[in-house]
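Here is a sequence together with a model predicted from it:
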Amino acid sequence: MFMFLGIMSHPHLKIFQTLSSRHGCESYLVRNFAELGFKEPTPIQRQGIPVLLSGRECFACALTGSGKTLAFVSPMLMKLKGIFFSF
Ligand SMILES: Nc1ncnc2c1ncn2[C@@H]1O[C@H](COP(=O)(O)OP(=O)(O)OP(=O)(O)O)[C@@H](O)[C@H]1O
């Protein structure tokens, strides 16, 4: 069970590969998910990651162990990389 508040105008992330094809994510990051055995995003990741990548804030809650950490850390990693390259 999870709850997601906000404007739901972002297409859900159905597969991790979309991070590369649509959001410019380095392919090694997506490869790492596969190597960890992550076959598809969990519901909180499906909804949360596109919103955070768009730059919007979001408030989401879900059961422990539902994948919230990856939901907020993966957009952070993708954005941090952009910051490092701008120096
Ligand atoms: N898409 C995924 N597919 C399979 N496993 C995943 C996926 N995302 C995360 N996991 C794994 O599921 C487990 C639980 O994830 P995680 O600890 O991030 O959940 P959480 O919602 O942040 O939990 P908590 O509320 O305790 O902080 C971890 O072992 C994590 O590696």
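Thanks, I have it. Numbering: from 1, shown residues only.

Helix, strand, or coil at C61?
Put simply, C61 is strand when judged by DSSP: H, G, I helix; E, B strand; the rest coil.

what are the bridge partners for it, then?
Assessed by DSSP bridges, C61 has beta-bridge partners M3.

So is the helix ranked longest in the chain next to the ligand?
Assignment by DSSP state H gives helix 68-85 as the longest helix of the chain. Yes - judged by C-beta under 6 Å from any ligand atom, helix 68-85 comes into contact with the ligand through K68, T69, L70. C-beta coordinates here come from the backbone N, C-alpha and C atoms, glycine included.

give me every residue that touches the last one.
When contacts are counted by C-beta atoms under 8 Å, 6 or more residues apart in numbering, L70 touches F38, T42, Q45.

hang on, isn't I15 packed against P41?
Yes - at 7.5 Å, I15 and P41 qualify as touching, with contact defined as C-beta atoms under 8 Å.

Between these two, which is the more surrounded one?
P41 (24 against 12; other C-beta atoms under 10 Å).

Let me know the secondary structure of that one.
The local conformation at P41, judged by three-state DSSP, is coil.

Let me see the contact set for it.
Contact partners of P41, counting by C-beta under 8 Å, 6+ apart, are L13, K14, I15, F16, I49, G67.

Sticking with the fifth one, tell me its helix or strand.
Under the assignment given by DSSP states H and E, the secondary-structure element containing I49 is helix 43-53.

who touches P11 in this structure?
P11 sits next to P50 when contact means C-beta under 8 Å, 6+ apart.
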